[in-house]
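S.K.: need coordinates for the below:
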Amino acid sequence: MPRLTTSSPKYRLQRASGQAVVTLYGQDFYLGPWRSKASKVEYDRLVGEWIAAGRPPVPPAKLTDITIVELSVAYRRFATTYYQKNGRPTDTIYQVRRATELLCEKYGRMPARDFGPLSFKAFQADLIHRRFSRRSINHFSSTVRRMFRWAVSEELIPVSVLQALQATPNVRKHRSGAKECPPVHPVEAAVVEATLPYLPKVVADMVRFQQLTGARPSEVCTLRPCDVDITGEVWRYIPSEHKTEHHNLKRVIFIGPRAQDVLRPYLQWDLARISHHR
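M.R.: Presented below is the predicted three-dimensional model:
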């Protein structure tokens with residue numbers, strides 16, 4: 001029966017040599033004299049690095065031979081599991097895919113160690129020529145840097161490659177010819193009011209609640225009675241999840257009297273329950 005991927009490789013005795021041995025990546029690694037302290041330290045080191053690499057079936061690529069397309073595939077695999085919230089992928093995953101696709105179009109066969117500042121600037125210039133907005137170009141550039149930072153942490157490329165890319169600035173406003181997108185302004189209150197009568201009641205109330213509290217659309221959609229503290233004059237809505245929670249920041253949305261009037265019909269059961277216990 002094949003070994004489960006979640007099991008740890010065994011620390012074993014190689015009888016012919018009296019050496020301790022462990023099998024990783026399909027090959028044996030000799031650790032030193034059986035049951036010696038040095039052999040157990042070496043075992044912990046090798047297995048720890050194997051686990052940190054994601055328990056791969058083959059050895060990681062050496063510093064000198066991984067190409068950008070190979071690096072991109074490995075980083076996408078990492079991003080798919082890392083950039084998740086509550087079991088769902090975040091938008092960062094799609095940004096990683098698009099940035100690496102664009103990078104691989106011209107540099108996919110290049111060894112990752114050879115991708116330096118001049119290549120990075122040429123990559124940015126190509127995106128400017130293709131009429132990507134300056135903001136999008138800088139998002140893609142930041143994603144590429146994060147990929148190379150991850151590659152350094154996995155010992156796939158020398159740290160000097162990352163240091164050189166970090167010295168390459170983002171595209172500056174009005175200094176590169178990159179397309180500038182007009183700022184997105186809030187919808188005028190008169191337009192919102194004119195639109196509300198054409199919306200279903202629940203959707204209209206969601207729009208009113210967002211307008212009065214400044215809550216994000218996702219926070220309005222996921223609001224639950226148990227997330228709202230109605231004990232004070234001003235209610236407090238503490239979302240169960242929000243976009244900055246991975247920074248250990250707490251999000252509190254205050255609900256004043258007008259927003260309470262919008263929300264109250266949807267909390268009637270909860271209000272009745274609290275009144276009953278009082």
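
S.K.: all helices in the stretch 101-250 of the chain, in order from the N-terminus.
M.R.: All helices of the stretch 101-250 of the chain, identified by DSSP state H, counting those that start in this stretch, fall at 117-129, 134-153, 159-166, 189-195, 201-213, 217-221.

S.K.: what sits up against the second one?
M.R.: With CB atoms under 8 Å, 6 or more residues apart in numbering as the contact definition, helix 134-153 has outside contacts at 66, 71-72, 74-75, 78, 95-96, 98-100, 102-103, 112, 115, 120, 123-124, 127-128, 132, 157-159, 161-162, 165-166, 168, 170-171, 173, 176, 178-181. For glycine as for every other residue, the C-beta is placed from the backbone atoms N, C-alpha and C.

S.K.: and the residues you listed, which of them are buried?
M.R.: 66, 71-72, 74-75, 78, 95-96, 99-100, 102-103, 112, 115, 120, 123-124, 127-128, 132, 157, 161-162, 165, 168, 171, 178 (16 or more other CB atoms under 10 Å).

S.K.: so what's the residue most central in space within the chain up against?
M.R.: A centroid search over the chain (CA atoms, centre = their mean) returns Tyr83, at 3.0 Å, as the residue closest to the centre. By CB under 8 Å, 6+ apart, Tyr83 lies in contact with 89-90, 92-93, 96.

S.K.: if the residue nearest to Asp229 when sequence neighbours are not counted is in a bridge, with which residues?
M.R.: Closest residue to Asp229 apart from its sequence neighbours, by CB to CB, 6 or more residues apart in numbering: Arg236 at 4.3 Å. Counting by DSSP bridges, Arg236 forms beta bridges with Asp229, Phe254.

S.K.: my guess is Arg236 contacts Ile253, does it?
M.R.: Yes - proximity of Arg236 to Ile253 meets the contact threshold set by CB atoms under 8 Å, at 7.3 Å.

S.K.: between the two, tell me which one has more neighbours.
M.R.: Neighbours per residue (other CB atoms under 10 Å) separate Arg236 from Ile253, with Ile253 holding more: 22 against 14.

S.K.: can you tell me the closest non-neighbouring residue to the more buried one?
M.R.: That would be Tyr237: by CB to CB, 6+ apart, it lies 4.2 Å from Ile253.
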